[in-house]
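Asker: Kindly generate the corresponding structure for this input.
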Amino acid sequence: MLILSDDIDDLIDKMKNYKAPAFGKWINKSEI
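Answerer: Below is the predicted model:
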């Protein structure tokens with residue numbers, strides 16, 4: 001994740017409102 005901004009208040013707002021994309025599991029436990 002990389003969030004950029006020239007303004008500290010804008011950066012804080014972006015960080016507070018960030019929602020990670022939903023992904024399923026990439027590997028199964030049996031594959032470890």
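
Asker: Who are the contact partners of the most centrally placed residue in the chain?
Answerer: Taking CA atoms, centre = their mean, the centroid of the chain lies closest to Ala20, which sits 3.9 Å from it. By CB atoms under 8 Å, 6 or more residues apart in numbering, the contact list for Ala20 reads Met1. Backbone N, C-alpha and C define where each C-beta goes, glycine included.

Asker: Kindly report the same for Met15.
Answerer: Going by CB under 8 Å, 6+ apart, Met15 touches Ile3.

Asker: for it, phi and psi?
Answerer: phi -70, psi -40 (degrees, to the nearest 10).

Asker: ok, the residue nearest to the centre of the chain to Met1 distance?
Answerer: Distance, Ala20 to Met1, by CB to CB, to the nearest Å: 7 Å.

Asker: Over to Ile27?
Answerer: According to CB to CB, Ile27 stands 21 Å off from Met1.

Asker: Would you map the helices across the protein?
Answerer: With DSSP state H applied, the chain shows helices at 8-17, listed in chain order.

Asker: Phi and psi next, for the residue nearest to the centre of the chain.
Answerer: Backbone torsions for Ala20, taken as degrees, to the nearest 10, come to phi -70, psi 140.

Asker: Model confidence for the residue lying closest to Ser5 once chain neighbours are set aside, exactly?
Answerer: Distances taken as CB to CB, 6 or more residues apart in numbering put Leu11 closest to Ser5, at 3.9 Å, once the chain neighbours are dropped. Turning to Leu11, the model gives it a pLDDT of 97.
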